[in-house]
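Novice: Got a sequence here, can you model it:
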Amino acid sequence: MRRALFPLLLSSMLLAQAPGTPPAPPLAQELLTPPEGTGASSTGLRSVVLRPGTGTQRLAKDGVAALGFTGWDSQGVAFTHVPADALAPRVFVERLMPGMREALLQMAPGERRRLWIPESLAFAGAEGKPKGTVVMELELIDALPNPKQAPEDVAGPGPDAVVLRSGLATKVLRPGTGGEHPRRAGYVVVHYTGWTTDGKMFDSSVVKRSHELIRLTEVIEGWREGIPLMTPGERRRFWVPQHMAYRGEKGMPKGMLVFDVELLSVPK
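Specialist: Numbers count the residues shown, from 1 in each chain. Here you go, the predicted model:
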């Protein structure tokens, strides 16, 4: 969180290629139609599980999905490709096309599915968009809560939190996958949400639909101390006392602040 300012998967995003990502290859003709015996849901969506999930968390209808995806039109030409990596988008489920929504609400983190989405559940005949049935492969990386809903322990750290000598309290929500800790003067790429202790969200990179590249010398003291404790892939909750946050600055959130921070990467 910078001191000076608060730093949908819509059709435009679905029709765009992730920056720097090689185009996805065409889909084999035999995959344009679902295998024989593949059942359809009541809406007409058909899907097969390519890899089972390993997580237990499920997406809520108003939740946020971290996901990668590839989409092909009815001729097998790829119209979108976003890798399922650390920088994959975090998207509100309610902003997705109906077919993707339906599938993701059934999936567990780590799961990959191939979908055959009828036009009525895809672009619904919109001008300039793929017509007919589209095929998509989805990988659900993580199922996240709606950042506008504050966590239950937002009023203060519980017994499962660690309070440091500085007064900063912290709790690991998801362990990292390994790698180096950030340097105190280094750069990090993060997603985050911040709340006041009465449960009001005042900032969120998830809501803004963009992760943040920040330098730790340019953020509040609580982040300077807390983020170097993390490793890539880790998500933590911080309770930052006012003297390590904005120190009562005019126009900035007052009192202790609570942040959920996900460390996506540590650039060299």
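Novice: what about stretch 76-90, average pLDDT?
Specialist: Mean per-residue pLDDT for stretch 76-90: 93.
Novice: Same question for stretch 258-268.
Specialist: Averaging pLDDT along stretch 258-268 gives 95.
Novice: residues in contact with the residue positioned nearest the centre of the chain?
Specialist: For the chain, the residue nearest the mean C-alpha position is residue 90 (2.6 Å; CA atoms, centre = their mean). Residues in contact with residue 90 (CB atoms under 8 Å, 6 or more residues apart in numbering) are 64, 65, 66, 144, 191, 206, 209, 211. (Glycine included, C-beta is placed from N, CA and C.)
Novice: Kindly recompute the last result at 10 Å.
Specialist: Under the criterion of CB atoms under 10 Å, 6 or more residues apart in numbering, the contact list for residue 90 reads 64-67, 141-142, 144, 147, 191, 204-207, 209-211, 262.
Novice: Could you pick out which of the residues you listed are located in strands?
Specialist: The members of the contacts of residue 90 that map onto strands under DSSP state E are 64, 65, 66, 67, 141, 142, 144, 191, 204, 262.
Novice: Who are the contact partners of the third one?
Specialist: Read it as residue 66. 84, 86-91, 109, 139-144, 191, 206, 262, 264.
Novice: Include distance to residue 32 when you put the ones in strands among the contacts of residue 90 into JSON lines, please.
Specialist: Formatted as JSON lines, the ones in strands among the contacts of residue 90 follow (distance: CB to CB, whole Å):
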{"residue": "64", "distance to residue 32": "31"}
{"residue": "65", "distance to residue 32": "25"}
{"residue": "66", "distance to residue 32": "28"}
{"residue": "67", "distance to residue 32": "22"}
{"residue": "141", "distance to residue 32": "26"}
{"residue": "142", "distance to residue 32": "30"}
{"residue": "144", "distance to residue 32": "32"}
{"residue": "191", "distance to residue 32": "35"}
{"residue": "204", "distance to residue 32": "39"}
{"residue": "262", "distance to residue 32": "36"}
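Novice: Of these, which is the nearest to residue 243?
Specialist: Residue 243 lies nearest to residue 204 out of the ones in strands among the contacts of residue 90, by CB to CB, at 23.5 Å.
Novice: How many residues are close by that closest one?
Specialist: 21 (other CB atoms under 10 Å).
Novice: Neighbouring strands - and their directions - for the helix or strand hosting residue 259?
Specialist: Secondary structure assigned from DSSP states H and E places residue 259 in strand 257-265. Sheet pairing here is set by DSSP bridges, and for strand 257-265 it gives strand 187-196 (antiparallel), strand 235-240 (antiparallel).
Novice: quick check: mean pLDDT across the last one?
Specialist: For strand 235-240, the per-residue pLDDT values average out at 98.
Novice: rewinding a little: can you flag the buried ones in the contacts of residue 90?
Specialist: If you count burial by 16 or more other CB atoms under 10 Å, the buried members of these come out as 64-67, 141-142, 144, 147, 191, 204-206, 209, 211, 262.
Novice: Give me the neighbour count for residue 58.
Specialist: For residue 58, the count of nearby residues is 15 (other CB under 10 Å).
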